[in-house]
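>>> take a look and give me a structure for this.
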Amino acid sequence: MTLNPQNLPSDRDARTLIRLYADAQRTIIMQVEAAVRSGRMMTARLRRLQLSAVLAYLDQIGAETDPLARQLVAQAHADGAALANTDIVRLGAQTGPVTESTFAAVNQEAVQTATDALIGRLDAARQTVGRTVDDVFRRQGLQQTARALLGTEGSVPTASRRMARQLASHGQTAFVDSAGRQWSLGRYSEMAVRTTTRQAVVAGQVNRLASHGINLVEVSAHASPCKICAPMEGRLIDLTGQMTEYRGQPVSSDTPLPPFHPNCRHTIYGISVLAGQARDQLAETAI
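From the prediction side, this is the model:
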């Protein structure tokens, strides 16, 4: 069966993981809204109890999703190797200087690196959400205390509705990027999962192609590419950094491989087989 690079088994697994974090965001919003509506945020003890409930839920999500993240990255890397096998057959490439045992070791290292990156991102997002909720509870506690002193306890329902609207529209901040944009837990998790998955797919492609001495690759082309990817589509890239031209077309040796941005869906295709010393170099520089 021929794999579709835009609908791989790992893509389906990624959707499962993304859905869990989207559900988690909704649950946390409901937890925080219920705590705010209770009007019982004036003491540090009560705030700690409410926060502990949210943090316990975040820990539960981590325990549930981290094993899924490990499976996802391994599947994504396997998907990449399977895509590369299609190119290997098409090009009639023979096994290169990398033995299967060495190939397996390289794969294991690449999978572990990508897994650590994804789990680290998701863990950091959960911790940031916990700090954000703590800040929300602290601010709400100060507001409720002030209202009580001023004799305006009746404004709690209005305040909680305002807080609920804010949470619904912005979610819990899990990450602030260099442009100052805030990412909710659901959106940040989706970006991290999709980006890391595509990185693992491409790493699987490169490693398998390298094991057969295939050094020249082409960036895939899609319908309606974004302005970042459009100039990259169809570009030839030499994995060894030696070639500058192939059959009259320019070859880049310093262009990064996809993904080119968060949520990028591009992959690569094997184009040409090397021989001799260049094959050895390619084997040494495989991801």
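
>>> may I see the buried residues of stretch 80-97?
By neighbour count on 16 or more other C-beta atoms under 10 Å, the buried set for stretch 80-97 is 80, 81, 82, 83, 84, 85, 87, 88, 91, 93, 96, 97. (Each C-beta comes from the backbone N, C-alpha and C, glycine too.)

>>> from the chain's centroid, how far away is it?
In this view, stretch 80-97 has its centroid 27 Å away from the chain centroid, taken as C-alpha atoms, centre = their mean, to the nearest Å.

>>> so which of the buried residues of stretch 80-97 are in helices?
The helices in this structure, assigned by DSSP state H, contain 80, 81, 82, 83, 84, 85, 87, 88, 91 from the buried residues of stretch 80-97.

>>> now render the residues you listed as a markdown table, adding distance to residue 10.
As requested, those are arranged in a markdown table below (distance: C-beta to C-beta, whole Å):
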| residue | distance to residue 10 |
| --- | --- |
| 80 | 9 |
| 81 | 11 |
| 82 | 10 |
| 83 | 11 |
| 84 | 14 |
| 85 | 15 |
| 87 | 18 |
| 88 | 20 |
| 91 | 24 |
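
>>> show me where the stretch 101-250 of the chain has helices.
Under the criterion DSSP state H, counting those that start in this stretch, the stretch 101-250 of the chain contains helices at 156-170, 185-210.

>>> can you name every helix or strand that the host helix or strand of residue 48 contacts?
Residue 48 is part of helix 44-91, with elements assigned from DSSP states H and E. Contacts defined by 3 or more C-beta pairs under 8 Å, 6 or more residues apart in numbering; DSSP states H and E place helix 44-91 against helix 9-38, helix 100-149, helix 185-210, strand 214-219, strand 268-273.

>>> most tightly surrounded among the ones you listed?
The highest mean neighbour count among the helices and strands packed on helix 44-91 belongs to helix 185-210 (a mean of 25), with neighbours defined as mean count of other C-beta atoms under 10 Å.

>>> can you give me how far that one is from the chain middle?
Averaging C-alpha positions (C-alpha atoms, centre = their mean) puts helix 185-210 6 Å from its chain's average.

>>> where does the closest residue to residue 100 other than its chain neighbours fall, phi/psi-wise?
Ranked by C-beta to C-beta, 6 or more residues apart in numbering and with sequence neighbours excluded, the top spatial neighbour of residue 100 is residue 211, at 7.9 Å. The phi/psi pair for residue 211 (degrees, to the nearest 10) reads phi -70, psi -10.

>>> hmm, residue 211 is touching residue 103, no?
Yes. Counting by C-beta atoms under 8 Å, a contact exists between residue 211 and residue 103, whose distance comes to 4.7 Å.

>>> grab the most central residue of this protein for me.
The structure's the chain has its C-alpha centroid closest to residue 192; by C-alpha atoms, centre = their mean the separation is 2.1 Å.

>>> I'd like to know how far the residue nearest to it when sequence neighbours are not counted sits from residue 100.
With C-beta to C-beta, 6+ apart as the criterion, residue 192 has its nearest non-adjacent residue at 4.2 Å, and that residue is residue 121. The span separating residue 121 from residue 100 equals 32 Å under the rule C-beta to C-beta, to the nearest Å.

>>> how about residue 250?
Counting by C-beta to C-beta - residue 250 and residue 100 are separated by 35 Å.

>>> where does the stretch 101-250 of the chain dip in pLDDT?
When residues are selected by pLDDT under 70, those of the stretch 101-250 of the chain lie in 140-172.

>>> switch the cut-off to 80
Low-confidence segments of the stretch 101-250 of the chain, defined by pLDDT under 80, are located at 101-105, 135-182.

>>> surely residue 119 is in contact with residue 71?
No. Taking C-beta under 8 Å as the definition, residue 119 is not a contact partner of residue 71, at 11.7 Å.
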